[in-house]
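Participant: Give me the fold of what follows.
(one chain, ligands or ions: 2)
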Amino acid sequence: MVLCKKWTLAKPFIGKVTPDNFKLVKEDIPEKLNDGELLCEAVYLTVDPYMRVGAETGNAVGNTLFGEQIAKVIVSKNAKYPVGSIVRMRAGWRTHTLVKDAEKEISRSAEMGDLPLSLMLGAMGMPGMTAYFGFLELCQPKAGETVVVSGAAGAVGSLVGQIAKIKGCKVIGFAGTEEKCKWIKEELGFDFAYNYKKTDVDTALKEAAPDNSVDCYFDNVGGMFTVKVLTHMKTFGRVSICGSISNYNDTSVPTGPLPFFSILKSQLRVEGFIVLRWYSRWEEGETAMRQWIKEGKIKYKEHVTEGFEKMPDAFMGLFEGRNTGKAIIKM
Ligand SMILES: NC(=O)C1=CN([C@@H]2O[C@H](COP(=O)(O)OP(=O)(O)OC[C@H]3O[C@@H](n4cnc5c(N)ncnc54)[C@H](OP(=O)(O)O)[C@@H]3O)[C@@H](O)[C@H]2O)C=CC1
Ligand SMILES: CCCCC/C=C\CC(=O)/C=C/C=C/C=C/[C@@H](O)CCCC(=O)O
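Facilitator: Ligands and ions are numbered 1, 2, ... in the order given. Below you'll find the model as predicted:
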């Protein structure tokens, strides 16, 4: 038998995520497998803000927290995945997984070549595809246009800003610390970087995008921040609603009045998305990301937490701004 540890939901996420939302459970997994089965051991796991959604009701209590991981096959009765194979799967927050149906449970994953495997959970995985498709498909940026990114030092936002630079745009990023702003401006090449906790968004955009000259807005944050950005948009501006992390922990945060007049007056196109919409095209995004990384046009940063026991802490850190770049758990 192999001892598996998994993080389960002890009580629903209501309000701020706290340590007592989580319960560590241990279970023995048999090493004697049936034909076709695999026993996998996690190597890297991811924490992402979306994991909070869907764990906010009582019927989720006791469930293993949802999410992807990169795992190594340690016992195999499946010729397609010999011992030592690396797989990506939606196995959740657990150290070991008995895969009964590999075709169904193992996700297609990017060809990594000599890139770090952890990127399969970041720039070469779901966050990278979120940035690539969520920005290029919905904002449709043109060279010379002005792009605003909220959550600009995070897993998704830091990639969006760099893609915008690759497309020849002027890029204005908002993040929550001076260090994050320094990183996105000096390392990633954003044209402007503002600490939204210190500089009001109206003041910032009057300086960086005067006379309502914002063409594209990629939103990770939502709330009144976004309501204000929409008053600085150019006619026919495009807004990609990626996330609303300012409301995930605290639903009492004001989100209105809804900016309908801004949308009407500037004839804006505002569209929300879930990245799975383009799942069938992820290979296209992976190819582009891989090329840009190799050319040095896309730089990535990982906020690595060592140890499975610290996974809840890493997750809570997302909502406190503790990460710069992609938050990853290294076993
Ligand atoms: N639509 C889709 O398919 C997908 C959507 N998303 C969404 O994209 C957004 C970013 O995700 P991801 O890149 O993984 O996470 P990040 O790596 O950006 O981490 C979250 C960051 O959000 C910022 N943040 C936290 N609370 C607040 C707040 N109250 N106000 C403003 N900023 C806050 C923090 O940075 P700071 O220091 O700047 O405050 C924190 O580091 C999320 O909203 C997520 O739900 C992600 C993947 C797919
Ligand atoms: C799916 C959650 C919907 C809640 C909406 C909240 C915010 C948007 C957001 O953050 C969406 C994230 C979507 C993430 C999808 C993650 C993985 O399941 C993708 C796995 C891909 C694969 O299996 O290869």
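Participant: Please see if stretch 109-118 touches ligand 2.
Facilitator: No - Stretch 109-118 stays clear of ligand 2 (C-beta under 6 Å from any ligand atom), getting no nearer than 7.2 Å. Every residue, glycine included, has its C-beta placed from N, CA and C.
Participant: That stretch: end-to-end distance?
Facilitator: End-to-end distance for stretch 109-118: 12 Å, by C-alpha to C-alpha, to the nearest Å.
Participant: who in the stretch 51-200 of the chain is up against ligand 2?
Facilitator: Close to ligand 2, as judged by C-beta under 6 Å from any ligand atom, the stretch 51-200 of the chain has residues Val53, Glu68, Arg90, Ser107, Met126.
Participant: Would you mind identifying the next helix or strand past the helix or strand hosting Thr203?
Facilitator: For Thr203, the enclosing helix or strand under DSSP states H and E is helix 201-208. Next helix or strand after helix 201-208 toward the C-terminus (DSSP H and E): strand 214-219.
Participant: got the contact list for Ala288?
Facilitator: Residues in contact with Ala288, defined by C-beta atoms under 8 Å, 6 or more residues apart in numbering, are Tyr132.
Participant: that older thread, so which of the residues of the stretch 51-200 of the chain next to ligand 2 wins on neighbours?
Facilitator: Met126 (23 neighbours; other C-beta atoms under 10 Å).
Participant: Surely that residue touches Gly67?
Facilitator: No - judged on C-beta atoms under 8 Å, Met126 makes no contact with Gly67 at a distance of 9.8 Å.
Participant: Please enumerate the shared neighbours of those two.
Facilitator: Shared contacts of Met126 and Gly67 (C-beta under 8 Å, 6+ apart): Thr46, Asp48.
Participant: what kind of secondary structure is the closest residue to Arg94 other than its chain neighbours in?
Facilitator: Nearest residue to Arg94 in three dimensions, chain neighbours excluded: Lys6, at 3.8 Å (C-beta to C-beta, 6 or more residues apart in numbering). Going by DSSP: H, G, I helix; E, B strand; the rest coil, the secondary structure assigned to Lys6 is strand.
Participant: Tell me who's in contact with Lys6.
Facilitator: Neighbour list for Lys6: Leu24, Val25, Lys26, Glu27, Thr64, Gly92, Trp93, Arg94, Thr95 [criterion: C-beta under 8 Å, 6+ apart].
Participant: now do 7 Å
Facilitator: Shown in contact with Lys6 (C-beta atoms under 7 Å, 6 or more residues apart in numbering): Val25, Thr64, Gly92, Trp93, Arg94.
Participant: Next one: the fourth one from Pro49, what distance?
Facilitator: With distances defined as C-beta to C-beta, to the nearest Å, the gap from Trp93 to Pro49 amounts to 15 Å.
Participant: now the second one
Facilitator: As for Thr64, its distance to Pro49 is 18 Å (criterion: C-beta to C-beta).
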